[in-house]
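Participant: what's the 3D shape of this:
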Amino acid sequence: MSLSSLVIEYKWMLEVFYALAITAICMLVVLKTDKFYKLSLHQGIRYFRNAFFFFGIAFVGRYVFGIFSDLALHSAFIVGFFFEYFLIMAGFFLLYSLIWKKIESPNETYLTSLFNAKIMIFHGMALVLALLDKTLQTYYFMFFSQMIIFAYASVLSYKNYRKNAKHDFPKFYFVATMIGFVAWTINFLAASYFEWHHGLLIDVGLMNIMFFLLFLYGVVKVTKK
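Facilitator: Have a look, this model is predicted:
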């Protein structure tokens, strides 16, 4: 039996395991970066932590709650909407962790990094994009937004890597964002031109796991130091 056939046969079990694995990785990243933020008070780390908090919520909500609900029409709409919203916001937070110095002044302080004057703009954009996708019954707004976000994040992280070549984390950041960009591009192609081809979706799933594991490895390596 081929790998694609096995995936189709045990699809729901694999989706739950996949979601729980990614959620566990995300929570480990959140816990370790939260401790590191409290020691350093670096705002970029704070926003980076938020990205993985939202990634974790997105995956557990989409695959676990979605599978075990009755998935009536209204339930499927709500689960899909919040999955996209949290996923898009995670991408925004990941990008914002790289550009926050260009947006926030040194004197600005916020009680929370999840909902403040600057971040609320991204919340509004994520809500609009998710609502457009669900209303028009498409995924294009999510795909295009994430491809743009990860392409831009790849460029910025590469510049950071060139400036800080002696440090390990910028290298992991660059490689991971490139993998994320490729994964989103293949996902878009699979949805648009290949009718959700199972082989391509398996590739996307494997790249997603690589994306999260690379960040986890980078965070563990940095926090150990």
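
Participant: Which stretches in the chain count as helices?
Facilitator: All helices of the chain, identified by DSSP state H, fall at 3-9, 11-40, 43-59, 66-68, 73-103, 119-136, 140-163, 169-192, 198-224.

Participant: Quickly, which of those helices bottoms out on average pLDDT?
Facilitator: When the helices of the chain are compared by mean pLDDT, helix 66-68 comes last with a mean of 55.

Participant: how many neighbours does the spatially closest residue to residue 54 that is not a sequence neighbour have?
Facilitator: Of all residues not flanking residue 54 in the chain, residue 90 sits nearest, at 3.8 Å (C-beta to C-beta, 6 or more residues apart in numbering). Backbone N, C-alpha and C define where each C-beta goes, glycine included. Using other C-beta atoms under 10 Å, residue 90 is surrounded by 24 other residues.

Participant: Residue 90: what's it in contact with?
Facilitator: Residues near residue 90 by C-beta atoms under 8 Å, 6 or more residues apart in numbering: 51-55, 58.

Participant: Over to residue 220?
Facilitator: residue 32.

Participant: For it, give its distance to residue 138.
Facilitator: Using C-beta to C-beta, to the nearest Å, residue 220 is found at 38 Å from residue 138.

Participant: Send over stretch 118-132 as CSV, restricted to the C-alpha atoms.
Facilitator: Taking C-alpha atoms only, stretch 118-132 is exported to CSV below (Å, rounded to 0.1, in the frame of the first residue of the first chain):
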residue,chain,number,x,y,z
LYS,A,118,-0.5,48.8,16.8
ILE,A,119,-1.5,45.1,16.9
MET,A,120,-5.2,45.8,16.7
ILE,A,121,-4.6,46.9,13.1
PHE,A,122,-3.4,43.4,12.3
HIS,A,123,-6.3,41.8,14.2
GLY,A,124,-8.7,43.9,12.0
MET,A,125,-6.9,42.7,8.8
ALA,A,126,-6.9,39.1,9.9
LEU,A,127,-10.6,39.2,10.6
VAL,A,128,-11.4,40.8,7.3
LEU,A,129,-9.3,38.3,5.3
ALA,A,130,-10.8,35.3,7.2
LEU,A,131,-14.3,36.6,6.7
LEU,A,132,-13.7,37.2,2.9
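
Participant: what sits up against it?
Facilitator: Against stretch 118-132 from outside (C-beta under 8 Å, 6+ apart): 81-82, 84-85, 88-89, 92-93, 96, 103-104, 113, 115, 141-142, 145.

Participant: With stretch 24-31 instead?
Facilitator: The contact list for stretch 24-31 (C-beta under 8 Å, 6+ apart) reads 49, 52-53, 55-56, 59, 212-213, 215-216, 219.

Participant: give me that answer again for 10 Å
Facilitator: Stretch 24-31 is contacted from outside by 48-60, 90, 209, 211-213, 215-220, 223, using C-beta atoms under 10 Å, 6 or more residues apart in numbering.

Participant: ok, now stretch 164-178?
Facilitator: Taking C-beta under 10 Å, 6+ apart as the rule, stretch 164-178 contacts 48, 94-95, 97-98, 149-163, 210-219, 221-223, 225.

Participant: what about 8 Å?
Facilitator: For stretch 164-178, the surrounding residues in contact (C-beta under 8 Å, 6+ apart) are 94, 150, 153-154, 157-158, 160-161, 163, 210-211, 214-215, 217-219, 221-222.
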